[in-house]
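Take a look and give me a structure for this.
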Amino acid sequence: MSSRHSEKMSLIASTERTAYDIGTGNKEQQAKRKTHRLHLLLTVALAVRHHTTTTTSAPALSGTVLGCFQVAQPVLTPYGPSYRSTTTRDGSTELIGVSSSSAIEACRVVLMEHTFAWSYGRPFVGSYTPPSCEFNRVIINFTSVSEGRQFDRLALMYFGSTEVWRTSTAEPTQHPGITWTYVKDMTEFLLLWKWPQTLIFDLGNLIDDKSNNLPDTGSFNTTLTATFFNSPVETNPLPPADLIIPISKRQGASNASSAFSFPSDNATNSISFPHNVKRAVFSVSANAQSTDEFWWSNVLETDVYTFNQTVGEMPGLSPFREVQVLIDGQIAGVQWPFPVIFTGGVVPSLHRPIVGIDAFDLREHEIDITPFLTILCDGSDHTFTILVAGLADDGNSSATVTNSVPDHWILTGKIFLWLDDDESAIATGTPPEVEFGEPVIKLSRAVTLNSAGDLNETLTYHVSVSRTVSVKATIVNSQNETRDAAWSQTLSYSNNAVVTEFGFDQINTFSIKGSDIASTGSSTDYMTQYSYPLYCNSTSAIAGGNLTIHARLTQGLDLLVQGSSVFPSGLEAFAAKPQTENKMFTGSLLSTSRDGTASFFQPGRGKKSTGFGSTNQVFRFGGFIGENSPRTVPDVELYFRNVTAINSTIVNDDEIVAGTHSQSFLAEAPRAAGPGTGTGPSVFMDRGNGDTKQSILAAAHRQRPVLLQD
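The predicted structure is shown next:
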């Protein structure tokens, strides 16, 4: 056994003597805590939290609020495109790039002013009344301020039982803390905004847990506003939907959150459609929490005990996940989820102040279910189900898809319907023909022993999956006119991983690529192509009792959208801009990459620690003109941003909007330190279940520290 490994085990042994005393609960809960070590790295993280009371890193500016942000394309406002938000020295937030000289008349409504402190199971509930002004567009502005010590938290916004937005929080720092603002186009829910609604905003949080010697003190002080205005801008061939049906737990009438928790909940609703539907799209909102939050770094089920003597049980059922949508038990489409990494993921200093891709705005996935209208418009109830699948391997090179996955996934869905103007119209025709065979799965794995032959030292594994989905039907309307509706998906996945140092370190090289097409006859109604590359390499070392953790995280998103998307693409902001308002955009391409390195240092067993983080993100957004087939380069680049942060300070920020520099900033700063060698992404990954107060006390405080608090 190596000296490095011996030192790690010594630290773990000292930790185990105290780890299980953290939190409250009965004997059953305590026993669960003892068996819930997903990875020994989580125990190392627990040791760090248990021995750490003060953590420092270089502040952005002494005495200033740290403004966190997600890099994203502009949103159309009454004043034009909103480029980016910045935080002033007093902590207030303002939008940059809007021009009041061209302002459109608008009205603004405050939807929520609320502090989320101990709020698990206690969402904000308010009443929304439509404003008196005329409007055909709606944007929301969510602003939060926080200081102290806190985990990142998931938040869901509902109108009744319909989820309309999913976001997450940044992790706060000590006084004066952090703030962030996110502006989102919500015009796709125009139907709901036109009617009074019960607004439910579920942001589960807890503070002042006296059962831990490092209490979580950070509350989230939030403001949510909506701005309503009229705009002649049209970039989507179809207007917002005529009807929106939630697929959820339907708990809005009880003023409760309506998300399913899979696999414990049966995520199924029975729905009856109107007769006169002409188009239907199912949107699925899904992300993992707790044990499965970092599913992309999981091992094969065969290998969960590979490092049982050193690491304990590792999360399994493969690093592959598939979200499935079924209608009457028959597959309608799938989503291969984007691996969102929240602001506490891997190492927290990777995400200050530039948060991860989609962390403030979790993207939904569209599945066109128009081919099913021939059976859905018959006046009967039909079941809609959301499932999450992993892979169960046989220990060799074969695996099958299984709907048994670790706990837990937060799931909801919505059905967007467009209706025929003729209320007597009835969609009939041939039943849908569904082609959904078994995916092509390729596996390989190998385990290497240490020199003494008594312990597993390394694990390497490779997983690749490919899948096609095809649904076709001939639809006949009341005028006896026929049309062939089709939905097809082509997807590929790969993940190469190596776990070394007796399970302490890990590298994952991950990729998802996909193409979805909805068509009528020979015409493409909607098409999207997407690519999700990710590389995570982290290493932990203990030398002379000093703990050092290095991590490098590189992640990208390429997203091409053409045709009738349910959701705004960002082209709306540029259709109203003088430089581009005469261009007829038919599609968009978003391409972004984010590269960060971070370190955590704790000398001896002291109560102070330091951290370092450096992140660069390059973001491009462009538009396609005309009906040509999709290209890898847009016809017009509409938005560009290149931003770099080192130790919570923005040192370079260059932004170009439709060919014009809107802002440019460059500061002298040291180069980021290079990544350490080795592997291991699970160091700071788990953040608790988020289900109940008891589960948070038993898991969140126990498993993953909040480190690098300024």
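
I'd like to know how many residues surround the residue nearest to residue 420 when sequence neighbours are not counted.
Spatial nearest neighbour of residue 420, excluding adjacent residues (C-beta to C-beta, 6 or more residues apart in numbering): residue 276 at 4.1 Å. C-beta here means a position set from N, CA and C on the backbone, and glycine is covered the same way. Using other C-beta atoms under 10 Å, residue 276 is surrounded by 20 other residues.

my read: residue 276 touches residue 424, true?
Yes. At 7.2 Å, residue 276 and residue 424 qualify as touching, with contact defined as C-beta atoms under 8 Å.

How about residues contacting stretch 427-436?
If you take C-beta atoms under 8 Å, 6 or more residues apart in numbering as the criterion, stretch 427-436 is touched by 275-278, 330-332, 371-377, 420, 468-477, 482.

What's the end-to-end length of that stretch?
Start and end residues of stretch 427-436 are separated by 24 Å (C-alpha to C-alpha, to the nearest Å).

any idea of the mean pLDDT for it?
Here stretch 427-436 scores 94 as its mean pLDDT.

now do stretch 174-182
94.

quick check, distance from that stretch to the centre of its chain.
Stretch 174-182 sits 20 Å away from the centroid of its parent chain (C-alpha atoms, centre = their mean, to the nearest Å).

Span of it from start to end?
Using C-alpha to C-alpha, the two ends of stretch 174-182 sit 22 Å apart.

In that stretch, which residues are buried?
174, 176-182 (16 or more other C-beta atoms under 10 Å).

Of these, which belong to helices?
Per DSSP state H, helices hold no members of the buried residues of stretch 174-182.

Show me which of the residues you listed is closest to residue 166.
Set against residue 166, the nearest of those by C-beta to C-beta is residue 182 (11.6 Å).

and that closest one, what are its bridge partners?
Residue 182 has these beta-bridge partners by DSSP bridges: residue 142.

Would you quantify the distance from it to residue 115?
Residue 182 sits 18 Å away from residue 115, going by C-beta to C-beta, to the nearest Å.

try residue 645
In terms of C-beta to C-beta, residue 645 sits 28 Å off from residue 115.

The two: who's more crowded?
Per other C-beta under 10 Å, whichever of residue 645 and residue 115 has more neighbours is residue 645, with 27 against 15.

Surely residue 547 is in contact with residue 599?
No. Applying C-beta under 8 Å as the test, residue 547 and residue 599 come out as separate, 10.8 Å apart.

Tell me where the model's unsure across the chain.
1-62, 83-103, 209-215, 576-583, 605-608, 628-630, 659-710 (pLDDT under 70).

All the helices of it, in order from the start?
Using DSSP H, helices in the chain cover 3-19, 27-34, 40-51, 190-193, 373-376, 571-575, 693-695, 701-703.

Residue 438: how many residues sit nearby?
Residue 438 - counted by other C-beta under 10 Å - has 8 other residues nearby.

show me what contacts it?
Contacts of residue 438 by C-beta under 8 Å, 6+ apart are 400-401.

ok, and what's touching stretch 105-117?
78, 124, 126, 128, 131-133, 135, 140, 153, 199, 201, 203-207, 219-230.

try 6 Å this time
By C-beta atoms under 6 Å, 6 or more residues apart in numbering, the surrounding residues in contact with stretch 105-117 are 78, 124, 126, 131, 133, 199, 201, 203, 205, 207, 219-229.

Please name the spatially closest residue to the residue nearest the centre of the chain (chain neighbours excluded).
Nearest to the geometric centre of the chain sits residue 340, at 3.7 Å (C-alpha atoms, centre = their mean). Among residues not flanking residue 340 along the chain, residue 358 sits closest, at 5.1 Å (C-beta to C-beta, 6+ apart).

My guess is that neighbour contacts residue 341. True?
No. With contact defined as C-beta atoms under 6 Å, residue 358 does not count as touching residue 341 (9.1 Å).

Just to check, residue 353 is in contact with residue 65?
No. Between residue 353 and residue 65 there is no contact under C-beta under 6 Å: 10.3 Å.

need the contact list for residue 374.
429, 473, 475.

Just give me the neighbour total for the last one.
By that I understand residue 475. For residue 475, the count of nearby residues is 23 (other C-beta under 10 Å).

circling back: point out the ones among the contacts of stretch 105-117 that are inside strands.
Among the contacts of stretch 105-117, DSSP state E puts 124, 126, 199, 201, 203, 220-229 in strands.

Can you tell me which of those residues is nearest residue 264?
Using C-beta to C-beta, the ones in strands among the contacts of stretch 105-117 come closest to residue 264 at residue 203, 21.2 Å.

any idea how far the closest one lies from residue 157?
9 Å.

Residue 140 now?
Residue 140 is 8 Å from residue 157, by C-beta to C-beta.

Tell me which of those two has more neighbours.
residue 157 (24 against 21).

correct me, but residue 367 touches residue 333?
Yes. Between residue 367 and residue 333 there is a contact under C-beta under 6 Å: 3.4 Å.
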